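Novice: please find the sequence and the predicted model below.
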Amino acid sequence: MAANIKLSDQQYQIVQALWALGQGSARDVQQHLSGLGLAHTTVGTILTRLEKRGVLSSSSRGRERVFEALISEGDVKRSMVSSLVSTLFKGDSKALLAHLVSEGDIDKTELSEIEALLAQEADNV
């Protein structure tokens, strides 16, 4: 499943809630995301659709369906960043980093931290 995972912001927030909860019903997820003001039925519909896509699994708990994520946060991030780089930067990850730096989205402290990470990765190769 980890190959090509694309989630909308709302879907991502719902999956994040399940990662935090471990597992949960539509009502559990809705309560976890209470600040978003999503209706129980909306959460239930999104959970069901994500299950059909293979992102979640479910089982019965009494009269409720209980959902659990089948994907990790790392899988989702890798897939979505890869898609972003491929779509917006024609596969050039350096162009993404250059864009973040030139737009001021990365400050000097963060840039130093990135340089340290790159040096550490170079040592591991």
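Specialist: Great, that's in hand.
Novice: contact partners of the helix or strand residue 30 falls within?
Specialist: Assigned by DSSP states H and E, residue 30 belongs to helix 26-32. Contacts to helix 26-32, defined as C-beta atoms under 8 Å, 6 or more residues apart in numbering, come from residues 14, 17-18, 20-21, 24, 38-40, 43-44, 47, 64-65, 67. No exception for glycine: its C-beta is placed from N, CA and C like everyone else's.
Novice: buried residues in it?
Specialist: 26, 28-30, 32 (16 or more other C-beta atoms under 10 Å).
Novice: so which two of the contacts of helix 26-32 are the farthest from each other?
Specialist: 20 and 39 (20.2 Å; C-beta to C-beta).
Novice: quick revisit: out of the buried residues of helix 26-32, which is nearest to residue 100?
Specialist: residue 32 (30.5 Å).
Novice: and the nearest residue to residue 30 once chain neighbours are set aside, how far is that from residue 9?
Specialist: With C-beta to C-beta, 6 or more residues apart in numbering as the criterion, residue 30 has its nearest non-adjacent residue at 4.6 Å, and that residue is residue 43. Remark: distance between residue 43 and residue 9 (C-beta to C-beta, to the nearest Å) = 14 Å.
Novice: higher neighbour count, the two?
Specialist: For residue 43 versus residue 9, neighbours defined as other C-beta atoms under 10 Å are more numerous around residue 43 (25 against 7).
Novice: so the more buried one is in contact with residue 33, correct?
Specialist: Yes - with contacts counted by C-beta atoms under 8 Å, residue 43 reaches residue 33, the gap being 7.4 Å.
Novice: pull up the overlap in contacts between these two.
Specialist: Residues touching both residue 43 and residue 33 by C-beta under 8 Å, 6+ apart: residue 14.
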